[in-house]
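J.: coordinates for the following, if possible.
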Amino acid sequence: MTLQFFLSQNPFRMATCVWLLTIAAGATLACNAQAKPTPKPDPDVLVLSNGDTLHGKFVSSIQGKLIFHSDPLGDVSISWNKVKELHTTEKFAVLEKNLKPHGRNSAEAIPTGTLEVANQTVTLQQETGAAPAPIPVKNALYIMNEATLQKELHHEPSFFAGWNGAATAGATLVAATENQYTVSGGLGLVRAIPMASWLNPRNRTSVDFTGSFGKITEPGYTVPPVPPATTPTFVPAATTKTAIYHADAERDEYLAPRFFALLQTAFDHNFAQDLDLQQIYGGGLGWTVLKTPKQEGDLKGTVQYERQQFISGTAETETDLIGSTFAATYILHTKMLTYTQSLAFIPAYNIPRAYSANEVDTFAFPTYKNLSFSLGTNDSYLNNPPTSLPPTKRNSFQFIMGLTYAIKPRN
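T.: Model prediction:
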């Protein structure tokens, strides 16, 4: 019996066979499709001014430095003045010196396309439409792939993303006739949104904490009698401690690229100045007077409510104040160090003598990866400590030395 006669006798058998053959053919085509790997894009080509040629992937360019990845060398950072030619296969976006995107709808103003760089000029090749005018390399502040551009313009990071800052710790221990120990530390975090430096800022959140605690213990002892005394004198054990803590938080909302409104709070405790707790709650305005890749400086002014409580605990030592904080902050980044400075003057309008001021300076010297060796000073002045014995000094000065760990942002 032939297959044709077998199928012709029963139409249902014919339909079943056709269905099975269709499934088998589809499975065969799917296997063949999976067996063929997706072809890799052609590598980007970088030609240096000395004639050397690298094949790999162009990553990005920031402030005159490009990053190129090749499998043998990894990520290589090169200045544009050492580049003769660059050819890419993927699309990139170029932000010129005078272009500052203002929001999510500004992507159309940013030219994109594959890159052709020659004679210190960037040319973007587009599949359709007229190509944008060539851009001198010196005017191309930022170059990034198109996916990164869309992410920075449209992606809203989570609350836990984008934080950067530093954590510092130091300690001293002495065991002898007198026992002494001192521990100090600090944590500073800043989160600026958006995280891309080439976009105008929308908001900024900062949190800071510094603390120092120490204790010196002297044992009790007996002084032998010295004529004309007839009995020994006992000197009891003595303990001296220091405790200085500061914490603050601030939220900035930008009204313009360099002008912002802010809310802040701060808490201080200083045992050496008889200050149990100083609380500050206020709001005001700020201005970024200096902003470059290496430096940034802000001026701020607030109106605030302030409450001071001193350790003696009497009603007279609890004071409610209406005042302000006038502050200046400065940050400098170089290859050798990072320097930060913070100055603040805090007047009180309802009790003029109850003013205070402080200055914090920190030098961090990079040592290994995220670790730095740090030196810093913290100088605070409180004009209205309560009367006490021994007399309380109005000025408190700290010198802090320790290790600092840099906290990098997580996208």
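
J.: surely Asn378 is in contact with Thr210?
T.: Yes - the criterion here is Cβ atoms under 8 Å, and Asn378 meets it with Thr210 at 6.8 Å. For glycine as for every other residue, the C-beta is placed from the backbone atoms N, C-alpha and C.

J.: next, the buried residues of stretch 392-399.
T.: By 16 or more other Cβ atoms under 10 Å, the buried positions in stretch 392-399 come out as 392, 396, 398.

J.: distance between it and the chain's centre?
T.: Counting by Cα atoms, centre = their mean, to the nearest Å, stretch 392-399 is centred 30 Å from the centre of its parent chain.

J.: give me the contacts around it.
T.: 184, 212, 244, 270, 272-274, 375-383, 385-386 (Cβ atoms under 8 Å, 6 or more residues apart in numbering).

J.: can you check stretch 362-376 too?
T.: Contact with stretch 362-376 is made by 166, 168, 335-341, 360-361, 399-408, as judged by Cβ under 8 Å, 6+ apart.

J.: check the offset of it from the chain's centre.
T.: For stretch 362-376, the distance to the chain centre is 15 Å (Cα atoms, centre = their mean).

J.: quick one: end-to-end distance for that stretch.
T.: Taking Cα to Cα, to the nearest Å as the measure, stretch 362-376 stretches 4 Å from start to finish.

J.: burial of Val117, as a residue count?
T.: 25 (other Cβ atoms under 10 Å).

J.: that one contacts Thr123, correct?
T.: Yes - Val117 is within contact range of Thr123, at 7.3 Å (criterion: Cβ under 8 Å).

J.: picking that back up, identify the contacts common to Asn378 and Thr210.
T.: 246, 360.

J.: which residues touch the residue nearest to Ala238 when sequence neighbours are not counted?
T.: Leaving aside its sequence neighbours, Ala238 sits nearest to Glu218 (Cβ to Cβ, 6 or more residues apart in numbering; 4.6 Å). Glu218 sits next to 177-178, 237-240 when contact means Cβ under 8 Å, 6+ apart.

J.: closest one to Thr128 out of the residues you listed, please.
T.: Proximity of the contacts of Glu218 to Thr128 (Cβ to Cβ) peaks at Thr240, which lies at 78.2 Å.

J.: the strands in the stretch 101-250 of the chain, which residues?
T.: Counting by DSSP state E, counting those that start in this stretch, the stretch 101-250 of the chain has strands at residues 112-118, 121-125, 135-136, 140-145, 163-175, 179-193, 203-218, 221-223, 233-235, 238-256.

J.: which of these is buried the deepest?
T.: Neighbour counts (mean count of other Cβ atoms under 10 Å) averaged over each of these peak at strand 140-145, with a mean of 21.

J.: outside of that strand, which residues touch it?
T.: 60-63, 66, 90-97, 115, 122, 152, 198.

J.: Gln308 is in contact with Asp274, correct?
T.: No - counting by Cβ under 8 Å, Asp274 does not reach Gln308; the two are 10.4 Å apart.

J.: measure Lys151 to Pro409 for me?
T.: Noted for Lys151: a distance of 14 Å to Pro409, by Cβ to Cβ, to the nearest Å.

J.: mind listing what's buried in stretch 262-271?
T.: 262, 264, 266, 268-271.

J.: what residues does it touch?
T.: Against stretch 262-271 from outside (Cβ under 8 Å, 6+ apart): 241-253, 275-286, 300, 302, 304, 311, 325, 380, 382, 396.

J.: at 6 Å instead, please
T.: The contact list for stretch 262-271 (Cβ atoms under 6 Å, 6 or more residues apart in numbering) reads 243-252, 277-284, 286, 396.

J.: residue boundaries of the helices in the protein?
T.: Applying DSSP state H to the chain gives helices spanning 3-8, 11-35, 146-154.

J.: let me know the pLDDT of the most centrally placed residue in the chain.
T.: Most central in the chain under Cα atoms, centre = their mean is Asn164, positioned 2.4 Å from the mean C-alpha point. Each residue has a pLDDT score; the one for Asn164 is 90.

J.: what's near enough to touch the closest residue to it other than its chain neighbours?
T.: Of all residues not flanking Asn164 in the chain, Pro409 sits nearest, at 4.5 Å (Cβ to Cβ, 6+ apart). Residues near Pro409 by Cβ under 6 Å, 6+ apart: 162-164.

J.: got the residues you listed as CSV, with distance to Phe345 columns?
T.: Shown next, in CSV, are the contacts of Pro409 (distance: Cβ to Cβ, whole Å):
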residue, distance to Phe345
Gly162, 31
Trp163, 29
Asn164, 28
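
J.: now, among those residues, which is nearest to Ala133?
T.: For these, the nearest to Ala133 is Gly162 (34.6 Å; Cβ to Cβ).

J.: quick check, that closest one in contact with Met195.
T.: Yes - between Gly162 and Met195 there is a contact under Cβ atoms under 6 Å: 4.8 Å.
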